[in-house]
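J.: Fold the following for me, if possible:
(chains A, B, C and D)
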Protein chains: 2
Amino acid sequence: MPVFAALGDEHRLRLLSRLAAGPLSISGLTAGSGITRQGVTKHLRVLAGAGLVRSSRRGKESLWQLEKRRLEEARRSLDLISRQWDESLGKLKLFVEEQD
Amino acid sequence: MPVFAALGDEHRLRLLSRLAAGPLSISGLTAGSGITRQGVTKHLRVLAGAGLVRSSRRGKESLWQLEKRRLEEARRSLDLISRQWDESLGKLKLFVEEQD
DNA sequence: TTGATAGGCAACCAGAAGGTTGCTCATACT
DNA sequence: AGTATGAGCAACCTTCTGGTTGCCTATCAA
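T.: Have a look, this model is predicted:
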């Protein structure tokens, strides 16, 4: 649910952008991450909890991949706010002009 | 800097969307927020630290308003990741087809 | 079947985050 | 002048978070 909270950690953002290049296993993601495998696992769980990522076992490793839809939902939320702001600025401008 | 972290709190998200309807003072934002004025202030500071919001004193009250640019930067970041993902899926599809 | 590789579970820890309260300061109103 | 309103500062507390370590399970390969 709290998708922005999930995005709000640098390690998790990095994980996401690495996953954006294609599915990867946990050890794959751990390599060069600077933290432990367990740390990575925790982050992946958070991302999964936010619906940003999904895993599937393949043999002895579990492959993680991006769930694009949630990203786009998040993007749209931000879009919505900026649009509202544009409108409110529009109204403000109108208001100012009426003052003349 | 950590713009997503700033977005990752429900109170702050609500503050933002209220500000999207136009500038407001701290007490204005506090009303109906469910937390103390000091709490609101802290959240506003976080948002400001992320460059998402800006304040200006007007008489005895300080008016807070949205900083649209950062929102759009954040939106673009998400966009970038989904685009990369699209590409990677494209490559994956190609790879699968080669297998036949 | 033994070993190596990939991962899960649980406990633990330090520090950050969210929130409150109490006090002070400054501006506005009458 | 005196009071009410809007806000800042600092201390404090509790909970959540990021990260680690130690140990156990499962799969693959020799």
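
J.: is whichever strand or helix holds A:Leu16 anywhere near DNA strand D?
T.: If you go by DSSP states H and E, A:Leu16 is part of helix A:10-19. Yes - judged by C-beta under 7 Å from any atom of the strand, helix A:10-19 comes into contact with DNA strand D through A:His11. Bear in mind the C-beta positions are built from the backbone N, C-alpha and C, glycine included.

J.: Name every strand pairing with the helix or strand that that helix is followed by and say which way it goes.
T.: The helix or strand immediately downstream of helix A:10-19 is strand A:24-25, counting by DSSP H and E. Sheet pairing of strand A:24-25 (DSSP bridges) gives strand A:61-66 (antiparallel).

J.: neighbours of A:Ala6, just the number please.
T.: The number of residues packed near A:Ala6 is 25, by other C-beta atoms under 10 Å in any protein chain shown.

J.: now A:Gly59
T.: By other C-beta under 10 Å, neighbour count at A:Gly59 equals 7.

J.: What separation do you get for it and A:Ser27?
T.: 13 Å (C-beta to C-beta, to the nearest Å).

J.: where does A:Thr51 fall, phi/psi-wise?
T.: For the record, residue A:51 is Gly, not Thr. phi 80, psi 20 (degrees, to the nearest 10).

J.: pretty sure it contacts A:Glu67?
T.: Yes - using C-beta atoms under 8 Å, A:Gly51 is in contact with A:Glu67, at 5.9 Å.

J.: who touches both of the two?
T.: Shared contacts of A:Gly51 and A:Glu67 (C-beta atoms under 8 Å, 6 or more residues apart in numbering or on different chains): none.

J.: bridging residues for A:Ser25?
T.: A:Leu63.

J.: separation between it and chain B?
T.: 15 Å (C-beta to the nearest C-beta, to the nearest Å).

J.: now A:Leu19
T.: 8 Å.

J.: pretty sure that residue contacts A:Gln65?
T.: Yes - counting by C-beta under 8 Å, A:Gln65 is a contact partner of A:Leu19 at 6.2 Å.

J.: neighbour count winner among those two?
T.: The residue with more neighbours, out of A:Leu19 and A:Gln65, is A:Leu19; 26 against 18, by other C-beta under 10 Å.
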